[in-house]
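*Asks:* Need a 3D model of the sequence below.
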Amino acid sequence: MAIRWKKARGRRLTPERARPLDVAGRFDGLPSPRGVSRILIVLLFFVATVTLLFLGNPPLDIRPGEVAQKHYVSRVRFMCEDQELTEKLREARRQEQPNVYVSDMEVVTGMVDAVTAELKGSIPAGAGGEEKKLPGRAALLGAIEAMGPKQTDDAVKAIFADARRRGVIDDLKRTTETKLNNRVIVVFNRPEDVRRQVRVDETISLQNGLQEFLKEEIALHFSKLSEDARAELLAVLLRCFKLPTLKLDTVETEKAREETAKTVLPQMRTIEKGAVLLARGATTTPYDVYLLDQERAEYTRTEPPVQRVERLLGSGLLVFLAFLILGVYIRRFEDALVRSNNRLFMLAALSFGVLAIAKVFVFKGWPLYLVPLPLEGIIVALAYGPQFALMVTLAVAAFIAVVTGHSFDFFIIFMAGGAASVLTTRDVRNRTRLIHVGIFTGIVLCAATWTVGLLEGQKLTRRFWESLMFQDGLLALGNGVLVGLVVTSLLPLIERVFGIMTDISLLEWCDQNQPLLRKMVLEAPGTYHHSLVVGNLAEAAAEAINANALLSRAGACFHDIGKLNKPEYFVENVGNDHSKHDRLSPTLSTLIITAHTKDGAELADSYDLPDPIRGIILQHHGTTLVEFFYEKAKRLAAENGGPVVQEEFFRYRGPLPQTKEAAIVLLADSVESASRTLAEPTPSHVRQLVRDVSEKKLMDSQFVESGLTLTDVRQIEESLIRGLTAIFHSRIRYR
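*Replies:* A predicted model of the protein is given here:
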């Protein structure tokens, strides 16, 4: 619990329960302009969230292949398509549609050319270009020669034209068509692109009916031939007529069937109110989802205004309860987190953005397992801390469950994924750490998805990789991995937008090759060495109370950069030389000394130092008293009979430390400077020095706005004692 301290009579320190800032940003009275802005941000986010939850049809909470966890009962009477009956009628119409056969003119032409070549006494030239005479054709060739070439060609073409008109078909297909299509087929002539219907019994069977057909055609077109010549001509035609003229076209057949099926209108049926649309424990089919969707649309269309108002009130009450819980949590534990209106607005915008993405996924029918809630968990953990991030993630997971229409299953999945992303986002000292966080989050999401699937009754089959549960798990795993990659790539932007510093950036600022630190080495070496020692002490003290150790170290490294403007006026840079303050009045010396915090902040702006470090530079002395010059001024006033010295003229201008890290640097800086005055830095003297300095800062109310508790202060003291004792440890005397 945060502890605030006030001065009691006799300057004894008494604890007082910290009274956090109210939502207006002040303790009493009317809200300040900043407080009004904060209230408007909260109200805007409240209205936007309620609107998002209320708008649109309540989405379905089940998909095809899932096991129903409850009875789905129709709330209204509605009309819907009887898809089973409609599909049955369409299938019957498909079967009635005759198959489409193609009669290709190129096939017929090829057979005509082959017959003509044989009738002329030769076959087409072979590979060697030689012609082979056909034996035993004397009678036929003589008769053909007597008819003449033109009359012979015309007669052959006429035979094949009749064959194409009637159609030569394979025997097996002819038998099948006779049974299935009422002895009717569609013939598609190419290249004429003419379609016609033909009775199957009028076609010619390739194996069984072709010979009789050719005999009739020979008798018709070659009536003057002798019996021997006709027999020889029949043999030639049968030898060349190897392929049917009709070939089944599956593509055209399927196309014709679908066009025919479309002519069947949807068959409608009425579902009465109270009818069970889907029984509990049943595996959901696509038609079940269709029924549920139709019922939902009809219910929304006919929803009475009273029920709309009730649903709106329910959405508002849910959001209000979530806001209330978060508000109470912030008021008790994390009041410093939202003092900045910019950070509060970014938090609200981030949360609303995740909810809006979830809503879009619902309307588009996209996989909800890709909703980037872990992304918000990581960002909020980086910007506000893991405890607050866990609360925010929990609230947003509940909102997503409502937005997506899933009550318990998706809440569990997103809660597990959000918690995994938050709790593993710590010690981010390299970019690969965030990728590891994303992978671990994806694994947790995948495991939670499979767990919920098993609880809902989905089965583990031999072909598990083809199941809906396996696919959902892979999407959840990909969500976590993708979030890790996105955060890694956008980390600099996240730091700038939220005004935060990750350990990665802090490590970069702790690098001793930073321009300001290199300048300090050359121009103020004593201050540089002092800053390094303070940095070590502050880092260890921050670790002792679970504060940001790297921020404490980085802030300590830069806390005295303001001394670069006048390094010769600070004792650590003077050495044994004569002090320039001996020729100055105490008031002027105080102005020079206290100005280094303001000068440091200006240098921080010039070198683009982050705001957290700049805040430590400004706050690392708080409003402490410059005792040496204050006592000197009182002594001179007493000796010269001057006016009473005002204490406030010898204090730093502040502000007081606003964070634990700034308070730690203040105490470490004061203790390290005071330790230089110890004649005998024994462990007992060091301990007494640290206790005295710490007590003085507490009595001077320097920590009241930092969030430090009395326990924190005691732990910091012990850490500083250990650090200083190690610095001033005794050595064996060598002769």
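*Asks:* make it CA atoms for all contacts and neighbour counts henceforth
*Replies:* OK.
*Asks:* residue ranges of the helices in the stretch 301-450 of the chain, please?
*Replies:* Secondary structure of the stretch 301-450 of the chain (DSSP state H, counting those that start in this stretch): helices at 305-333, 341-364, 373-384, 386-403, 409-423, 431-455.
*Asks:* Serialize those to CSV and add fields for mean neighbour count, distance to T245 and mean pLDDT.
*Replies:* Listed next are those as CSV, based on neighbours: other CA atoms under 10 Å; distance: least, CA to CA, whole Å; pLDDT from 0 to 100:
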stretch, mean neighbour count, distance to T245, mean pLDDT
helix 305-333, 15, 69, 85
helix 341-364, 18, 51, 87
helix 373-384, 25, 65, 90
helix 386-403, 22, 63, 88
helix 409-423, 24, 62, 90
helix 431-455, 22, 57, 90
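*Asks:* JSON lines for those, including distance to E543?
*Replies:* Output for the helices of the stretch 301-450 of the chain, formatted as JSON lines (distance: least, CA to CA, whole Å):
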{"stretch": "helix 305-333", "distance to E543": "20"}
{"stretch": "helix 341-364", "distance to E543": "26"}
{"stretch": "helix 373-384", "distance to E543": "17"}
{"stretch": "helix 386-403", "distance to E543": "16"}
{"stretch": "helix 409-423", "distance to E543": "18"}
{"stretch": "helix 431-455", "distance to E543": "20"}
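*Asks:* in the helix or strand harbouring L220, what's buried?
*Replies:* For L220, the host element (DSSP states H and E) is helix 210-221. Under the neighbour-count criterion of 16 or more other CA atoms under 10 Å, helix 210-221 has 210-211, 214-215, 217-218, 221 buried.
*Asks:* what do you get for stretch 220-229?
*Replies:* Residues 221-222, 225, 229 are the ones in stretch 220-229 that count as buried (16+ other CA under 10 Å).
*Asks:* Please apply the same query to stretch 288-299.
*Replies:* Residues of stretch 288-299 classed as buried by neighbour count (16+ other CA under 10 Å): 288-289, 291-299.
*Asks:* So which of those residues belong to helices?
*Replies:* Among the buried residues of stretch 288-299, DSSP state H puts 288-289, 291-299 in helices.
*Asks:* so can I have TSV of the residues you listed showing distance to A235?
*Replies:* Output for these, formatted as TSV (distance: CA to CA, whole Å):
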residue	distance to A235
D288	64
V289	65
L291	66
L292	69
D293	69
Q294	69
E295	72
R296	74
A297	73
E298	74
Y299	77
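*Asks:* What pLDDT is listed against N181?
*Replies:* N181 is assigned a predicted lDDT (pLDDT) of 64.
*Asks:* neighbours around A679, how many?
*Replies:* The local packing of A679 (other CA atoms under 10 Å) involves 8 other residues.
*Asks:* would it count as being in a strand?
*Replies:* No - secondary structure of A679 (DSSP: H, G, I helix; E, B strand; the rest coil): coil, not part of a strand.
*Asks:* Which per-residue confidence value corresponds to it?
*Replies:* pLDDT, read off for A679, is 82.
*Asks:* For it, which residues are in contact?
*Replies:* For A679, the contact set (CA atoms under 8 Å, 6 or more residues apart in numbering) is empty.
*Asks:* sorry, back to before: which element follows the helix holding L220 toward the C-terminus?
*Replies:* helix 227-240.
*Asks:* what lines up beside the following helix or strand past that following helix in the sheet?
*Replies:* Heading C-terminal from helix 227-240, the first helix or strand you meet, by DSSP H and E, is strand 246-248. Paired strands of strand 246-248, with direction, are strand 100-104 (antiparallel) (DSSP bridges).
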